[in-house]
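Asker: Could you look at this predicted model? Sequence included:
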Amino acid sequence: MRFVPRFTDGQAFPEALGKIVCVGRNYADHARELDNPVPSEPLLFIKPATTAVPLERPIDAPFSRGEVHYETELALLIGKELSDATSDEAERAIAGIGLALDLTLRDVQSRLKEKGHPWEIAKSFDGACPLSAFLPLAQVPNWSAISFTLEVDGEPRQKGEGADMLFPVSTLVAEMSRHFTLQPGDVVLTGTPAGVGPLERGSRLRFTLTGGFEVNTRVVD
């Protein structure tokens, strides 16, 4: 069954999720913590719709394939078709914001990068993108004032600020639309701040987003 995005009031979005368009290294501190260069233009990749699962459900991570890292990100639900859009058009096409985990098979990714190979295998396995419900755009404050956090077993791990993004939301979505058409039901992930690390069996995760939105989940034992 196709994943259907939902709003925080329980209403289903009229379109099923199509694709998840992601950006790597959109926070300079995260690029540095993994010893990666800070990019001068967005580093884009795509997760298929089959990676999406509800963030509220227990996370069944494929530990048999090595370390599975969490990367908390602001997620944007696209409400209008966009192709070669301006920044203003891109911003107006966003229907809601939520939270996502860009789960990463870090050992697999490292091996692929060492060989100069694409690393979709490390990012695009089934269940690799837990997604929350989405706050309607009318409830979103100024983009630069948005913040989100992740706590693992009560300990702060990640904090992201919209103002710290290398490529702001409207610029990022417009750039994505230059390379591939964004359609209603697509989701955009906007990058992760510093503090990524391996998931542990049985850990409890708590996510918060500006406006009092909160999601709690756990990792399957």
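Answerer: Noted; the coordinates are in hand.
Asker: Check which helices and strands the lengthiest helix in the chain is in contact with.
Answerer: Longest helix in the chain, counting residues (DSSP state H): helix 169-179. With contacts defined as 3 or more C-beta pairs under 8 Å, 6 or more residues apart in numbering; DSSP states H and E, helix 169-179 has these neighbours: strand 19-24, strand 43-48, strand 72-78, helix 87-92, strand 187-189. In this view, the C-beta of every residue, glycine as well, is placed from N, C-alpha and C.
Asker: tilt between that helix and strand 19-24?
Answerer: 120 degrees (axes from the mean of the first three to the mean of the last three C-alpha atoms, to 10 degrees).
Asker: Which positions in helix 169-179 come out as buried?
Answerer: 169, 170, 172, 173, 174, 175, 176, 177 (16 or more other C-beta atoms under 10 Å).
Asker: Pretty sure the second one sits against residue 87.
Answerer: What it means is residue 170. Yes: contact criterion C-beta atoms under 8 Å: residue 170 and residue 87 qualify, at 4.0 Å.
Asker: re the thing from before, could you give the angle of the longest helix of the chain to strand 43-48?
Answerer: Put simply, helix 169-179 runs at 70 degrees to strand 43-48, going by the same axes, to 10 degrees.
Asker: tell me the SS of the residue lying closest to residue 127 once chain neighbours are set aside?
Answerer: Of all residues not flanking residue 127 in the chain, residue 53 sits nearest, at 5.0 Å (C-beta to C-beta, 6 or more residues apart in numbering). Taken by DSSP: H, G, I helix; E, B strand; the rest coil, the conformation at residue 53 corresponds to strand.
Asker: how near is residue 53 to residue 143?
Answerer: To residue 143, residue 53 is 27 Å away according to C-beta to C-beta, to the nearest Å.
Asker: One more: residue 107?
Answerer: Counting by C-beta to C-beta, the separation of residue 107 from residue 143 is 35 Å.
Asker: sorry, back to before: other residues contacting the longest helix of the chain?
Answerer: Under the criterion C-beta atoms under 8 Å, 6 or more residues apart in numbering, residues 21, 23, 26, 41-42, 44, 74, 76, 78, 82-91, 93-94, 143, 162, 165, 167, 182, 188, 190 lie in contact with helix 169-179.
Asker: Quick one: distance of it to the chain centre.
Answerer: From the chain centre to the centre of helix 169-179 is a distance of 15 Å (C-alpha atoms, centre = their mean, to the nearest Å).
Asker: Likewise for stretch 148-157?
Answerer: On C-alpha atoms, centre = their mean, the centre of stretch 148-157 falls 16 Å from that of its chain.
Asker: And it, what's buried?
Answerer: For stretch 148-157, by 16+ other C-beta under 10 Å, it's 148, 149, 150, 151, 152, 157.
Asker: Please identify which pair of those lies farthest apart.
Answerer: Farthest-apart pair in those is 148 and 152; separation 14.3 Å (C-beta to C-beta).
Asker: Which residue, other than its chain neighbours, is closest to residue 201?
Answerer: residue 221 (5.1 Å).
Asker: residue contacts, residue 157?
Answerer: Counting by C-beta under 8 Å, 6+ apart, residue 157 makes contact with 70, 72, 150, 151, 195, 197.
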